[in-house]
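Peer 1: model the structure of this input:
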Amino acid sequence: MAFKVEHEIHQRRKGRNMGVGLLLAGMIAIVFGLTVVKVLQLGDVTKFEKFDHVARPQIIPEEESN
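Peer 2: Below is the predicted model of the structure:
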């Protein structure tokens, strides 16, 4: 059983698909990189939890009684 030779249009499509795939991978890398930088700049995880704009009493520090 002989293999068919790929038509020229298949090679063009393969090139376009590779280009689109690289663009998608690049966009994902940019979003991931921005997320990592944002989280690392905060330093403390509790600061990151405050960005959801919802009042949550468990993350508000309690006043120390003297």
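
Peer 1: look up how far residue 28 lies from residue 22.
Peer 2: Between residue 22 and residue 28 the distance is 11 Å, computed by CB to CB, to the nearest Å. Every residue, glycine included, has its C-beta placed from N, CA and C.

Peer 1: for the lengthiest helix in the chain, the averaged confidence score.
Peer 2: If you go by DSSP state H, the chain has its longest helix at helix 8-42. Taken as a whole, helix 8-42 has an average pLDDT of 90.

Peer 1: buried ones in it?
Peer 2: Buried residues in helix 8-42, counted by 16 or more other CB atoms under 10 Å: none are found.

Peer 1: use 49 as the first number for this chain going forward.
Peer 2: Sure, I'll start counting at 49 from here, so that last one is helix 56-90.

Peer 1: what is that helix packed up against?
Peer 2: Other helices and strands packing on helix 56-90, by 3 or more CB pairs under 8 Å, 6 or more residues apart in numbering; DSSP states H and E, are absent; none qualifies.
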